[in-house]
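Student: could you work out the structure for the sequence below:
(one chain, ligands or ions: 2)
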Amino acid sequence: ATMPPLLSAIANAGRHGVLVKSAVVMERLGETDAVALDKTGTLTEGTPRVTDARPLTGSGLDEDEVLTLAAAAEHPSEHPLARAVVDAARERGLDLPVAEDFDSTPGIGVTASVGGRVVAVGAPARLLDGSSDAHSARAAVVARELEDSGRTAVLVTVDGAPVGLLAIADRLRADAIATVASLASLTGAAPVLLTGDNPRAAARLAAEVGIGDVRAGLLPQHKVDVVKELEHAGRRVMVVGDGVNDAPALAAAHTGVAMGRAGSDLALETADAVIVRDELRTVPAVIALSRRARRLVA
Ligand code: ADP
Ligand code: MG
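Tutor: Numbers count the residues shown, from 1 in each chain. Ligands and ions are numbered 1, 2, ... in the order given. Below you'll find the model as predicted:
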């Protein structure tokens, strides 16, 4: 017997390095007329590096001490930013104290108890929300300065008080610009950028990659809201993401596609298709494969 077109398309997608989980998904991929792409780990390589450690004046800490506390708290996290922080501490040969009571909040950051003090590491805008003391004001100024350069600023607090910031930079994937262009021509609409990162870093990257519609500072539920907004406008939305923070949007979308190499387990399980070969340009390729198979079925 000849193989049904959707099954051959699944085999073909596999050869392109994309694991499509069912024939229904294979069929749906071709219906995509709007694509929402996550930033960190999806449009970027997801191997960010710490470029700066900035202790705040009055914290009494030096660069290495800020990095040590941050890395201790980040150690249990699987977030790409957490790995960057831990790697930076290791490269400086710093010994990491053991952290207890680790907790993480997707889209915000982590907290842990280090040497009896509560250390938080995460998005400055979220951690500083509502505070108006001089320390927090200084932290906000430094965060803004780091973010203006297109980097992600991460704030470190000890027992609620800001002690320093880390600047983290990630590279655009080599095929990101070409992928955005082919998604735009395939679907007739430029993709949307969804990110929990700060608006300044997001706008920079979006301009570089050719995306005009940027939604930044999003919590996981806000990513779902954008998907719903597009679906209410009659679009069939594909979400491409890698993180725990993307899982609700991957589930809400018409099709959810996860980056396999560095993707979180939750994203891989929730997604309808997984990019195994770690090449973003396989996304437009599977949309085209689906459309071809659908023409054969009809
Ligand atoms: P994106 O949507 O671009 O993939 P996330 O939603 O995962 O980004 O993270 C959004 C922001 O939350 C980050 O830019 C960072 O400021 C903060 N954040 C999330 N997790 C962590 C973490 N483990 N360590 C430090 N900051 C974090
Ligand atoms: Mg991500």
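Student: for G60, give me phi and psi.
Tutor: For G60, the backbone dihedrals are phi 80, psi 10 (criterion: degrees, to the nearest 10).
Student: can you report how many residues lie near it?
Tutor: Using other CB atoms under 10 Å, G60 is surrounded by 10 other residues. In short, each C-beta sits where N, CA and C put it, glycine included.
Student: what pLDDT does it get?
Tutor: Looking at G60, its pLDDT stands at 94.
Student: tell me how far it lies from R138.
Tutor: Counting by CB to CB, to the nearest Å, the gap from G60 to R138 is 14 Å.
Student: please apply the same query to A190.
Tutor: Counting by CB to CB, the separation of A190 from R138 is 38 Å.
Student: ligand 2 contacts on the chain?
Tutor: Counting by CB under 5 Å from the ion, the chain comes close to ligand 2 at 38, 40-41, 242-243.
Student: how about 6 Å then?
Tutor: 38, 40-42, 241-243, 246 (CB under 6 Å from the ion).
Student: please convert these to TSV, extending it with neighbour count.
Tutor: Listed next are the residues of the chain next to ligand 2 as TSV, based on neighbours: other CB atoms under 10 Å:
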residue	neighbour count
D38	28
T40	27
G41	27
T42	30
G241	32
D242	27
G243	28
D246	36
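Student: so which of those reach ligand 1?
Tutor: Intersecting the residues of the chain next to ligand 2 with the contacts of ligand 1 gives 38, 40-41, 243 (criterion: CB under 6 Å from any ligand atom).
Student: find the nearest non-adjacent residue to the residue in the stretch 101-250 of the chain that ligand 2 sits nearest to, please.
Tutor: Proximity of the stretch 101-250 of the chain to ligand 2 (CB to the ion) peaks at G243, 3.8 Å away. Excluding the flanking residues, the one nearest G243 by CB to CB, 6 or more residues apart in numbering is S264, at 5.5 Å.
Student: that neighbour: what's it in contact with?
Tutor: Applying CB atoms under 8 Å, 6 or more residues apart in numbering, one finds that S264 lies in contact with 78, 242-244, 247.
Student: what does V142 give?
Tutor: V142 neighbours (CB under 8 Å, 6+ apart): 54, 56, 153, 165.
Student: per-residue confidence at A9?
Tutor: 96.
Student: how about the contacts of S264 in a markdown table, adding pLDDT?
Tutor: Shown next, in a markdown table, are the contacts of S264 (pLDDT from 0 to 100):
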| residue | pLDDT |
| --- | --- |
| E78 | 87 |
| D242 | 93 |
| G243 | 89 |
| V244 | 90 |
| A247 | 96 |
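Student: give me phi/psi at L43?
Tutor: Taking degrees, to the nearest 10 as the convention, L43 sits at phi -80, psi -30.
Student: neighbours of it, just the number please.
Tutor: Burial of L43 is recorded as 27 neighbouring residues (other CB under 10 Å).
Student: my read is that it contacts M259, right?
Tutor: No. Counting by CB atoms under 8 Å, L43 does not reach M259; the two are 10.1 Å apart.
Student: near ligand 1 at all, the helix or strand that contains G256?
Tutor: Assigned by DSSP states H and E, G256 belongs to strand 255-259. No. Shown here: strand 255-259 not in contact with ligand 1 (CB under 6 Å from any ligand atom), separated by at least 10.4 Å.
Student: now do that strand: which elements does it pack against?
Tutor: Under the contact criterion of 3 or more CB pairs under 8 Å, 6 or more residues apart in numbering; DSSP states H and E, strand 255-259 touches helix 23-29, strand 237-241, helix 247-252, helix 265-270, strand 273-275.
Student: include distance to D103 when you put the residues of the chain next to ligand 2 into CSV, please.
Tutor: Formatted as CSV, the residues of the chain next to ligand 2 follow (distance: CB to CB, whole Å):
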residue, distance to D103
D38, 23
T40, 20
G41, 21
T42, 25
G241, 22
D242, 21
G243, 17
D246, 20
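Student: centre of the chain to stretch 216-235, how far?
Tutor: Distance, stretch centre to chain centre, for stretch 216-235: 15 Å (CA atoms, centre = their mean, to the nearest Å).
Student: residues of that stretch that come out buried?
Tutor: Judged by neighbour count (16 or more other CB atoms under 10 Å), stretch 216-235 contains these buried residues: 216, 218-220, 222-224, 226-227, 230, 235.
Student: among those residues, which ones are in helices?
Tutor: Secondary structure defined by DSSP state H assigns 220, 222-224, 226-227, 230 of the buried residues of stretch 216-235 to helices.
Student: my guess is I10 contacts V20. True?
Tutor: Yes. Between I10 and V20 there is a contact at 5.0 Å, judged by CB under 8 Å.
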